[in-house]
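Peer 1: Curious how this folds, go ahead:
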Amino acid sequence: MLLEVENIRAGYGTSQVLFDVSFAVGEGEVVTLLGRNGMGKTTTVRVLSGLLRAGAGHVRFAGERIEAMAPHRIARLGIGLVPEGRHIFPNLTVRENLLMAQANPRGVREPWTYDRVIDFFPRLGARAANGGGQLSGGEQQMLAIGRALMTNPRLLVLDEATEGLAPVIRDEIWARLKTLRGEGLSMLIIDKEIEVLAEFADRHYAIEKGEVVWRGDSHALMADAAAREKFMGV
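Peer 2: Numbers count the residues shown, from 1 in each chain. Prediction:
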C-alpha cells in the first residue's frame, strides 16, 4: 500500500477527535473519506499532512513512517494537499501561486509544470495575471489543485473537493480528477458527491464521531442506502 493509516488517535488539547482510525490507499487507487461535517475527516487530513501530531497510531507512506515528520518533509515525500478552504495566496497572481509550489524532489520524468497545469485548467491561463483573491471560488479551487500538482505528488489529498461550487464548475473539476485517475495518480478525496465518487473511486470509508464505521467498494456503497443515510446524510 502507498498510504497506511493504523489506529490513529488525535485531537486538540483535551478534546479527542479521532479514535483508532485506520484505512489505506494503494498505488493508483482513488479512496474516499465520507461522513457528515464535524466527524473527523479534516482532522485526519491534518494528521496525514503533518499539521497535527497524532497521539497514538502510525502513518506509513511508501513504507516510511511519517506521523512525526514536519509538513515540508511529508510534502517532499509526495503527498500533495488541497486543503479545505483552498488557502491560496490572495495577493499573489495565479502564475505566482503556481510557480512558488513548483518542485520535483523525486525526479519525475514528465513533471507537472506551469504550462502543463495551465493546459489542464485553461480557465487559469485566462486569469494568469490576476491575484488569487480576484478569482471565483471555482477558479480558486482549480488553482489549489494546480498548486498541489506542481509539487508532483504520488498521492493527491483533496479535502472538500467541490463543496460550495457551482454545478458547472463541479462537473469540470470532477472531469479533471477522473483524468488524473486515468493517468494513475493516487488520490484520497473528501466530498459529499456520493454518486460521482462511486463512478471512479475504488474504495470508501465512512467516519462518524472519529471512528471508521463503514468501509466497502462503490458497488457496496450504492447498494447500502441505509448506510448512506445514517453515516453520510445523503
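Peer 1: ok, which stretches of the protein are helices?
Peer 2: Secondary structure of the chain (DSSP state H): helices located at 41-48, 71-77, 94-99, 114-120, 122-126, 137-149, 167-182, 194-200, 218-223, 225-227.
Peer 1: Of all those, which one is nearest Ala56?
Peer 2: helix 41-48 (10.9 Å; C-beta to C-beta). C-beta: built from backbone N, CA, C; applies to glycine.
Peer 1: Run through who's touching that closest one.
Peer 2: 3, 5, 8, 10-11, 17-18, 21, 33-35, 52-54, 59, 66-67, 74, 79, 81, 83-84, 157, 159, 188, 190, 207, 210 (C-beta atoms under 8 Å, 6 or more residues apart in numbering).
Peer 1: List only buried entries from the residues you listed.
Peer 2: Applying 16 or more other C-beta atoms under 10 Å to these, the neighbour count classes 3, 5, 8, 10-11, 17-18, 21, 33-35, 52, 54, 59, 66-67, 74, 79, 81, 83-84, 157, 159, 188, 190, 207, 210 as buried.
Peer 1: what's the pLDDT at the closest residue to Leu149 other than its chain neighbours?
Peer 2: Spatially, and ignoring its direct neighbours in sequence, Leu149 is nearest to Trp112 (4.4 Å; C-beta to C-beta, 6 or more residues apart in numbering). Listed pLDDT for Trp112 reads 96.
Peer 1: OK, contacts around Trp112?
Peer 2: Trp112 neighbours (C-beta under 8 Å, 6+ apart): 149-152.
Peer 1: now, which of those sits nearest Ala166?
Peer 2: Leu149 (22.1 Å).
Peer 1: for the lowest-mean-pLDDT helix or strand in the chain, which positions count as buried?
Peer 2: Lowest by mean pLDDT, DSSP states H and E among the helices and strands of the chain is helix 225-227, with a mean of 86. Across helix 225-227, burial judged by 16+ other C-beta under 10 Å covers Ala227.
Peer 1: Just the buried ones from the contacts of Trp112?
Peer 2: 149-152.
Peer 1: Could you dump those into a markdown table with pLDDT and distance to Glu163 added?
Peer 2: Below are the buried ones among the contacts of Trp112 laid out as a markdown table (pLDDT from 0 to 100; distance: C-beta to C-beta, whole Å):
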| residue | pLDDT | distance to Glu163 |
| --- | --- | --- |
| Leu149 | 98 | 20 |
| Met150 | 97 | 22 |
| Thr151 | 96 | 22 |
| Asn152 | 97 | 26 |
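Peer 1: in this structure, what residue sits furthest out from the centroid?
Peer 2: Thr14 (27.0 Å; C-alpha atoms, centre = their mean).
Peer 1: Poorly predicted segments of the chain, please.
Peer 2: The chain contains residues with pLDDT under 70 at 231, 233-234.
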